[in-house]
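Undergrad: One predicted model, sequence on top.
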Amino acid sequence: MNTYHQYNKRILLSVTGMSPAVVTETLYALVTEKGFIPTEIRVITTLQGKRKLLEGLLGITGGRKEKEGALAEFIADYGKQYGIEHIHFDESCISIIQDKEGNELEDIRSPEENMYSSDQIVSLVGKLCQDKQTALHVSIAGGRKTMGFFLGYALSLYGREQDSLSHVLVESEYETLPHFFYPKPHRYLINDREGKELDISQAKVMLAEIPWVRLGLGVSEDLLHNRITYSGSIYNAQQILVSPSLTFLDPIDDRTVLFGEKKIKLAPKEYALLLSLAIAKSKNIDCGYYDETYLKIYLKIYALLKADSSVMTKNLGFIQDKFSLEHSDGKRVLSESANKLKDKIIVAFH
C-alpha cells in the first residue's frame, strides 16, 4: 500500500524538449498504476520546450488561451474516478535553462549550455528535496538525454525515501504523435502519420520505475543559493564514498577532527562520542552503543574535555559511578550527540 497521501505536496518533476506529451503520459501512468496523484507539476526545459508545454498542456498559443489543453482534459476524463480536483501547473511551474548571464536558452546546442542545464537541474532538485512534507516523483522521459541523466543523478544526490524515479513507455504506434497525450477512457480517434485511424483509448502507456541509489548528501546553503555547481556536487559525493580516514588533531581540547581532507570542529559531547568509538574500535573492544565498557570510555573523555569530575551525575544522569543501561537520560544524550555529529558531517561535505 502506498503512503503518498501522507505528504502535503506531491510533485511530478520532468524534463521536456519538443514533446510535452511525456508529462501527461507520465501523469496517466502515475495515477492509474501507482495511485500517485500530484498536487503540482514542475518542468525543466528550454524556450522552445516552454512554448510546446503552454500550447499542449494549457492550450496557450502566443500568450492567448486558445483551447482547454491536455491537462484540463485529463482531469475532466479521470478526475472523478481518481478523486482529482486540481493539479497546479501554470507558467510559473516551468523552469527555463539559462546561460551564465541569466539569458533563457532557446535550445541546448553546446557542451557549455549542457553544463548550464546540469547546474540548474541539480539546484532545483536540491531545493525541492528540502521540504520534508514533499514527495517527489522524477520523470526522465523527455528532453535531451543528458538532461534526463542530470535529473536522475540529482535525485541520487539529494532524494529521500519518499521520492521516486521513472521513465514512461508508450506503444510505438502512438509514440510522439502530435495529438496523443494519454489514453482516453472512451473511444477517441486520431490519425497517425500515414493517415490511419487509431483509437487512443486502446493505447498502452506503462511506467518503468527506475531503482536508484540514495546518497543522502543533504541540502546545503550553497545549494539553496546557487553557489554550488554540478561538478561541485559530484566532488562532494565522491568525498563521501572514498576510503574513509579519521584523524584526531592536537590539542585534544581544540576538538578538531580530520575526516579525510575535511577539517571539522566538534562540540565536547560529539567529540567524546567519536573518539570513544574510535578507541573501542582500535582496541577491538566488542561493545554495543550503550555497553558499560563503551560508556566508561565516553565519560572519561568527556570529563577530560569538560575538566569536571561530576559529569557522570550532572550531564548523563548516572548516579555516582553506577551505569544504568536503561537510563533514558544517558541514552538520550548519546543519541542526540550522534545525530548532531551526523548533521555536522553532512553539512561539512556539501
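TA: Structure's in. What do you need? Numbers count the residues shown, from 1 in each chain.
Undergrad: pLDDT below threshold where in the stretch 1-150 of the chain?
TA: Low-confidence segments of the stretch 1-150 of the chain (pLDDT under 70): 1-2.
Undergrad: can you give me the helices in it?
TA: 21-29, 47-58, 70-82, 111-128, 145-158 (DSSP state H, counting those that start in this stretch).
Undergrad: Quickly compare these and say which is most buried.
TA: Most buried of those by mean neighbour count (mean count of other CB atoms under 10 Å) is helix 21-29; its value is a mean of 26. (Glycine included, C-beta is placed from N, CA and C.)
Undergrad: how much does it deviate in direction from helix 70-82?
TA: Counting by axes from the mean of the first three to the mean of the last three CA atoms, to 10 degrees, helix 21-29 lies at 0 degrees to helix 70-82.
Undergrad: so how far is helix 21-29 from its chain's centroid?
TA: Offset of helix 21-29 from its chain centre (CA atoms, centre = their mean, to the nearest Å): 20 Å.
Undergrad: so that helix versus helix 47-58, what angle?
TA: Using the same axes, to 10 degrees: helix 21-29 against helix 47-58 is 40 degrees.
Undergrad: Does residue 338 belong to a helix, a strand or coil?
TA: Assigned with DSSP: H, G, I helix; E, B strand; the rest coil, residue 338 falls in the helix class.
Undergrad: Now do the same contact list for it.
TA: residue 273 (CB atoms under 8 Å, 6 or more residues apart in numbering).
Undergrad: could we number from 56 for the rest of this?
TA: In the new numbering, first residue 56, that becomes residue 393.
Undergrad: Relative to residue 163, how far out is it?
TA: Going from residue 393 to residue 163 by CB to CB, to the nearest Å gives 44 Å.
Undergrad: want to try a markdown table for the helices of the stretch 56-205 of the chain, with distance to residue 151 as columns?
TA: Converted to a markdown table, the helices of the stretch 56-205 of the chain look like this (distance: least, CB to CB, whole Å):
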| stretch | distance to residue 151 |
| --- | --- |
| helix 76-84 | 16 |
| helix 102-113 | 6 |
| helix 125-137 | 19 |
| helix 166-183 | 9 |
| helix 200-213 | 13 |
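Undergrad: Got phi/psi on residue 260?
TA: Torsion angles at residue 260 (phi, psi; degrees, to the nearest 10) stand at phi -120, psi 120.
Undergrad: thought it was touching residue 84?
TA: Yes: assessed by CB atoms under 8 Å, residue 260 is found in contact with residue 84 at 5.4 Å.
Undergrad: what's the spacing between residue 398 and residue 187?
TA: 14 Å.
Undergrad: intersection of neighbour lists for residue 260 and residue 84?
TA: Any residue near both residue 260 and residue 84 by CB under 8 Å, 6+ apart counts here, and that gives residue 223.
Undergrad: And stretch 157-170, end to end?
TA: 14 Å (CA to CA, to the nearest Å).
Undergrad: same deal with stretch 239-247?
TA: Using CA to CA, the two ends of stretch 239-247 sit 16 Å apart.
Undergrad: and if you look at stretch 107-125?
TA: 12 Å.
Undergrad: now swap in stretch 234-248 and tell me
TA: End residues of stretch 234-248 are separated by 11 Å (CA to CA).
Undergrad: for that stretch, which positions count as buried?
TA: 235-239, 243, 245 (16 or more other CB atoms under 10 Å).
Undergrad: which one of those residues is nearest residue 94?
TA: Set against residue 94, the nearest of those by CB to CB is residue 237 (18.7 Å).
Undergrad: Just want the phi and psi numbers for the closest one.
TA: Backbone torsions of residue 237, given as degrees, to the nearest 10, read phi -180, psi 160.
Undergrad: residues touching the closest residue to it other than its chain neighbours, list them.
TA: Closest residue in space to residue 237, ignoring its immediate chain neighbours: residue 83 at 3.9 Å, by CB to CB, 6 or more residues apart in numbering. Applying CB under 8 Å, 6+ apart to residue 83 gives the contacts 129, 133, 237-238, 260.
Undergrad: Need these in TSV (columns: distance to residue 63).
TA: Compiled in TSV, the contacts of residue 83 are given as follows (distance: CB to CB, whole Å):
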residue	distance to residue 63
129	22
133	22
237	26
238	29
260	28
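Undergrad: So residue 328 versus residue 398, what's the distance?
TA: Applying CB to CB, the value for residue 328 to residue 398 is 13 Å.
Undergrad: Who has more neighbours out of these two?
TA: Neighbour totals were compared for residue 328 and residue 398, and residue 328 leads with 24 against 12 (other CB atoms under 10 Å).
Undergrad: Might one say that the more buried one is in contact with residue 388?
TA: No: counting by CB under 8 Å, residue 388 is not a contact partner of residue 328; they are 9.3 Å apart.
Undergrad: Would you reformat the buried residues of stretch 234-248 as JSON lines and include distance to residue 219 and pLDDT?
TA: JSON lines is the format used below for those (distance: CB to CB, whole Å; pLDDT from 0 to 100):
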{"residue": "235", "distance to residue 219": "25", "pLDDT": "96"}
{"residue": "236", "distance to residue 219": "22", "pLDDT": "97"}
{"residue": "237", "distance to residue 219": "19", "pLDDT": "97"}
{"residue": "238", "distance to residue 219": "22", "pLDDT": "97"}
{"residue": "239", "distance to residue 219": "26", "pLDDT": "97"}
{"residue": "243", "distance to residue 219": "30", "pLDDT": "95"}
{"residue": "245", "distance to residue 219": "31", "pLDDT": "94"}
